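Enquirer: Any chance you could fold what I've pasted below:
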Amino acid sequence: MAEVELERMVDIDSQPLIIGDTIYVTTFQANVSALSLDSGQVLMAT
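Expert: Below is the predicted model:
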């Protein structure tokens, strides 16, 4: 599972947005992911 999440992170296509302890990024395919700044755990991915 972690490998799949890492593959998703490869196409980050924007400046990350940090709100509180969560970082939000968009990818080349216009997906959005939210990650914990503390642990790096994926909290949400579309």
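
Enquirer: What part of the chain, helix or strand, is modelled with the least confidence?
Expert: helix 2-10 (a mean of 54; mean pLDDT, DSSP states H and E).

Enquirer: Next, give phi and psi for the residue nearest the centre of the chain.
Expert: By CA atoms, centre = their mean, the chain has its centre lying nearest to S33, at 3.7 Å. The phi/psi pair for S33 (degrees, to the nearest 10) reads phi -130, psi 150.

Enquirer: List the contacts of it.
Expert: Counting by CB atoms under 8 Å, 6 or more residues apart in numbering, S33 makes contact with 8-9, 24-27, 42, 44-46. Every C-beta, even on glycine, is put in place using the N, C-alpha and C of the backbone.

Enquirer: cool, and T22?
Expert: Residues in contact with T22 (CB under 8 Å, 6+ apart) are 34-37, 43.

Enquirer: Give the bridge partners for I23, please.
Expert: For I23, the residues forming beta bridges with it (DSSP bridges) are I18, L35.

Enquirer: Would you mind confirming that it is in contact with L35?
Expert: Yes - the criterion here is CB atoms under 8 Å, and I23 meets it with L35 at 5.1 Å.

Enquirer: The two: which is more packed in?
Expert: L35 (20 against 16; other CB atoms under 10 Å).

Enquirer: is it true that the more buried one touches I18?
Expert: No - the pair L35 / I18 is not scored as a contact, 10.1 Å apart, by CB under 8 Å.

Enquirer: what's near enough to touch D21?
Expert: Residues in contact with D21, defined by CB under 8 Å, 6+ apart, are 36-38.

Enquirer: Ok, M44 next?
Expert: 32-34.

Enquirer: Mind checking what secondary structure it has?
Expert: strand (DSSP: H, G, I helix; E, B strand; the rest coil).

Enquirer: Look at it and report its pLDDT.
Expert: M44 carries a pLDDT value of 89.

Enquirer: what bridges to it?
Expert: Taking DSSP bridges, one obtains A34 as the residues bridged to M44.
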